[in-house]
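Participant: structure here, sequence nowhere to be found:
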């Protein structure tokens, strides 16, 4: 079979598959995917042929973004930028610098960092040259950056997109391409001081976004390990039992216990002991109770973890965030690289409105003291602690709130729109616009030569532009303009020479600070 | 041969190749690339084996970013953000909204848009599912967005990274991953009004960045076509002769003529006629001259192009940018999709300082009325015009300027640093920091329990933090702090209750607006 024949066979098979999926009424997305492959195969066939097949002439195909990704509309961008600005303001309050890294890394940089989740990494095609993958998070590139530049001391934030070939659940704000906002402190410092600042930052951000009430759960890897040891979990099962505990936010204890006993071969007795601990959460008093717990108090690792949590909760008290922090023994977090404190911030639903108690995690992180060393030739460690905000979920919650309140998001910050009521005045409009731009106003005008006045005023209303400046022949002759308040529809005659001052004064009165309602 | 044996053979071959390259003293980059492939093959072998080979234990390999890409350090980011903020401010002045699109598109979206340059597109590996490519520019995703959402009227900016597997020349600011800042106006309007605004925007941006003197060259595709026709270029050679003309900014006329005649089979007479035209540039007077040119005035397409340029130059006069705009018949631009006016902004070197006359293009664009239709089932057109800023080159030029002026770029905006002169005061420091954060100051402190005062003050000086707030036991007892001006080293005692007001007053005096020197 020639290459061309093989390709023809593939096209035929793929077309059959599409027919079957359609007959089976599979999801639109699934069908679109297979159609897209079919078109690609056909295009290859065309390329082989050297001729252009009729199906490809107009390059018509299902117009869509890649699975699990989306465009952001101007309204979504306005909201997103306002959220990111608030987040960056908090990072800056704490003196963080920012860096950026490429969207792809040498594949080997990512290898061995994500355990089972490595299968979710996007690889680039080998087009000759290096083997590359899209970044999966911002933490591993940060560690690579530190090791490569021999930096042992930095406090940085990084806002960028990351990529995971996960099953997207867009309604719940889970995408294959999504933004992360990371804040990390690298350097050898005294225990729990930077660790506490990370929690403070999460609390300040969630307060400033005013999205919902929330709690920041904290736990410690050493305490988890000590607890497993004390309950009789074999050393080589720590990680797999830990990943079972990690599911407690989504699954019931019964299911988790079943996984431990039936899948992972843990004794029922050990599982039951773990079950007693992981239902505990609280504050300082819980730490005290566990410090005198029969089993845990005899375990070195558990004691060390408990002392650390105690110190952390003390700093949280100074930072006035004790009421937002919950020491929670069920918090485990999946990633392999954590070595100390771990965090997770969870939004709480409003029970009085019948919402679920927990609408999910919006931030997570912890201490990872060994990751940078994995990139250093001499294995030099740089202790790090940090937190990553899941902003897509925050966007989704805030979008819902705006939608529910029936609020309109402004997508521009235009101060005034220059209109004409008569024909043949395009050059006069441009002149006035230019003058206003030079005076540092944000100004628009119609790109039509002879637009209708009504259309121009409608544009102002639709785009929430506060002022219209109307020019007619008599105004030009008299050196004046009509200044119209778009909302009240009031019009005043203003001298051209006084226009800038008057406009500035009125804008000040409107107090139009920022694009988006707070 | 088993799969494992085949892999072992590959590893062996690859290792041989690396040895040969080293022996041949090939470039470090080339060798690193092949070493990287070798390590990847070895890793695969390990995966096949199920055991971990000794070479892979510590995952040591050349630590680098992918070819043609780079990290941005905090200093580079501070400059970059300040540049982008200025650019966005101009876009907002003109009422633009912003959108975002995914970093990858279905491959077929990009197919057939970039002519010869399609080979530079990065493809993703087929991991089951769709066939994807990284975006090559922001224009094609914009057109896809308009068609997909049936938008026929929008003015938007988009700042994002694009990807080209080009030969990187990092010293000249050419990377494989780089930022573009695009501004486009879509919609059916009257001739040259939005087209002129794009030039105005480029001029405002380059003025506000104050990077160097510049000129915005303009030309028109219809004029080029008419000129080719009038000079006797066969219709089917228009595009290839156009792409030869496009090289005139880098190559001499002799070389370009040679390409036309020897490679592209144009008659010497036709080439010579083109040669006469492409050396022309100027303003309105040139348009008038060409409107009465023997050959051009008889060509419909050329006349249409000239009339358009005449109108455009008129609007530029109203916008006070005539001195920045040059009508240049040698400007061609490579991309296939332009249909009307084309632009290119070029920085001019300072001849008095012995710099070259032209340090290269920093913006380019034009009108593309047919691109959106390529994505629409009914071929519905949405006329567009836009411009794309090559910000990497702007960053590079500004970095050089800062370096030459020996200026320091601040990477944070911290107002004050809370220090202690004595031991065991960490909690007091945290308390004061927390108070200052609540009062909305940007404040840092040492993460060490008992830092040395000298180290703390040094940190302030190194990071250009204007104020240090010093706490000792006696200050705490008396309810005061020492407020130290880091630059002058002057210290004043201030009551805790008056600290916020005093700090605010002093910061106002310093007039510390923004992170980066203007």
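Facilitator: Good, I have the coordinates. Here the structure is a predicted model, which is why all the values come from computation and not from measurement.
Participant: chain neighbours aside, what residue packs nearest to whatever residue of the stretch 151-300 of chain A ends up closest to chain B?
Facilitator: Proximity of the stretch 151-300 of chain A to chain B (Cβ to the nearest Cβ) peaks at residue A:189, 3.6 Å away. Every residue, glycine included, has its C-beta placed from N, CA and C. Nearest residue to residue A:189 in three dimensions, chain neighbours excluded: residue B:447, at 3.6 Å (Cβ to Cβ, 6 or more residues apart in numbering or on different chains).
Participant: and the pLDDT for the one you found?
Facilitator: Looking at residue B:447, its pLDDT is 96.
Participant: cool, the one 10 residues further on as well?
Facilitator: You'll see residue B:457 listed with a pLDDT of 96.
Participant: and residue A:10, how far is that from residue A:16?
Facilitator: 11 Å (Cβ to Cβ, to the nearest Å).
Participant: sorry, wrong one. I was asking about residue A:306.
Facilitator: Distance from residue A:306 to residue A:16, counting by Cβ to Cβ: 62 Å.
Participant: out of those two, which sits in the busier spot?
Facilitator: More crowded of residue A:306 and residue A:16, by other Cβ atoms under 10 Å in any protein chain shown: residue A:306, with 25 against 11.
Participant: neighbouring contacts of stretch A:434-442?
Facilitator: Residues from elsewhere that reach stretch A:434-442, judged by Cβ atoms under 8 Å, 6 or more residues apart in numbering or on different chains: A:412-416, A:418, A:443, A:469, A:499-500, A:503, B:92-95, B:200, B:204, B:318-320.
Participant: try it again at 7 Å.
Facilitator: Stretch A:434-442 has contacts (Cβ atoms under 7 Å, 6 or more residues apart in numbering or on different chains) with A:413-416, A:443, A:500, A:503, B:92-93, B:95, B:318-320.
Participant: and those residues, which of them are in helices?
Facilitator: A:500, A:503, B:92, B:93, B:318 (DSSP state H).
Participant: show me the two of those residues that sit farthest apart.
Facilitator: B:92 and B:318 (21.6 Å; Cβ to Cβ).
Participant: re the thing from before, so how do I select the buried members of the contacts of stretch A:434-442 in ChimeraX?
Facilitator: Here is the ChimeraX command that selects the buried residues among the contacts of stretch A:434-442 (16 or more other Cβ atoms under 10 Å in any protein chain shown):
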select /A:413,414,415,416,443,500,503 /B:92,93,95,318,319
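Participant: of the contacts of stretch A:434-442, closest to residue B:477?
Facilitator: residue A:413 (50.6 Å).
Participant: where's that closest one relative to chain B, distance?
Facilitator: As judged by Cβ to the nearest Cβ, to the nearest Å, residue A:413 and chain B stand 5 Å apart.
Participant: that residue contacts residue B:93, correct?
Facilitator: No. Taking Cβ atoms under 7 Å as the definition, residue A:413 is not a contact partner of residue B:93, at 8.7 Å.
Participant: where does chain A have its least confident helix or strand?
Facilitator: Sorted by mean pLDDT, DSSP states H and E, the helices and strands of chain A end with helix A:28-49, the least confident at a mean of 66.
Participant: the stretch 201-350 of chain A: helices as residue ranges?
Facilitator: According to DSSP state H, counting those that start in this stretch, the stretch 201-350 of chain A carries its helices in the segments A:221-230, A:238-245, A:253-258, A:268-278, A:284-291, A:300-318.
Participant: for the shortest one, give the mean pLDDT please.
Facilitator: Right, the one you point to is helix A:253-258. 95.
Participant: check which residues of it are buried.
Facilitator: Going by neighbour count (16+ other Cβ under 10 Å), the buried part of helix A:253-258 is A:256, A:257.
Participant: chain center to that helix: distance?
Facilitator: Relative to the chain's own centre, helix A:253-258 is displaced by 31 Å; criterion: Cα atoms, centre = their mean, to the nearest Å.
Participant: enumerate every residue touching the spatially closest residue to residue A:365 that is not a sequence neighbour.
Facilitator: Among residues not flanking residue A:365 along the chain, residue A:387 sits closest, at 3.4 Å (Cβ to Cβ, 6+ apart). Applying Cβ under 7 Å, 6+ apart to residue A:387 gives the contacts A:183, A:198, A:201, A:202, A:343, A:363, A:365.
Participant: rerun that using 10 Å as the cut-off
Facilitator: A:181-185, A:195, A:197-199, A:201-202, A:205, A:216, A:343-345, A:363-366 (Cβ atoms under 10 Å, 6 or more residues apart in numbering or on different chains).
Participant: of those residues, buried ones?
Facilitator: Applying 16+ other Cβ under 10 Å to the contacts of residue A:387 flags A:181-185, A:195, A:197-199, A:201-202, A:205, A:216, A:343-345, A:363-366 as buried.
Participant: got the buried residues for stretch A:497-509?
Facilitator: So for stretch A:497-509, counting by 16+ other Cβ under 10 Å, buried means A:499, A:500, A:503, A:506, A:507.
Participant: same check on stretch A:117-137?
Facilitator: Under the neighbour-count criterion of 16+ other Cβ under 10 Å, stretch A:117-137 has A:117, A:121-124, A:129-137 buried.
Participant: between the helices of the stretch 201-350 of chain A, which gets the lowest average pLDDT?
Facilitator: When I compare the helices of the stretch 201-350 of chain A, helix A:238-245 is least confident, with a mean of 90.
Participant: for that helix, packing partners?
Facilitator: Contacts defined by 3 or more Cβ pairs under 10 Å, 6 or more residues apart in numbering or on different chains; DSSP states H and E place helix A:238-245 against helix A:221-230, helix A:253-258, helix A:268-278.
Participant: now, of those helices, which is deepest in the fold?
Facilitator: Neighbour counts (mean count of other Cβ atoms under 10 Å in any protein chain shown) averaged over each of these peak at helix A:221-230, with a mean of 24.
Participant: which strands or helices does it pack on?
Facilitator: Under the contact criterion of 3+ Cβ pairs under 10 Å, 6+ apart, helix A:221-230 touches strand A:213-220, helix A:238-245, helix A:268-278, helix A:284-291, helix A:300-318, strand A:341-348.
Participant: now do the buried residues in the longest one.
Facilitator: By that I understand helix A:300-318. So, applying 16+ other Cβ under 10 Å, buried residues of helix A:300-318: A:301-318.
Participant: go back to those residues and keep what's next to chain B.
Facilitator: Restricting the buried residues of helix A:300-318 to those near chain B by Cβ under 10 Å from any Cβ of the partner chain leaves A:314, A:315, A:317, A:318.
Participant: of those residues, closest to residue B:106?
Facilitator: Among those, residue A:315 lies closest to residue B:106 (Cβ to Cβ), at 49.7 Å.
Participant: quick check: residue A:320 vs residue A:480, distance?
Facilitator: 57 Å.
Participant: what of residue A:405?
Facilitator: For residue A:405, the distance to residue A:480 equals 41 Å [Cβ to Cβ].
Participant: and those two? which has more neighbours close in?
Facilitator: Comparing residue A:405 with residue A:480 by other Cβ under 10 Å, the one with more neighbours is residue A:480, at 19 against 9.
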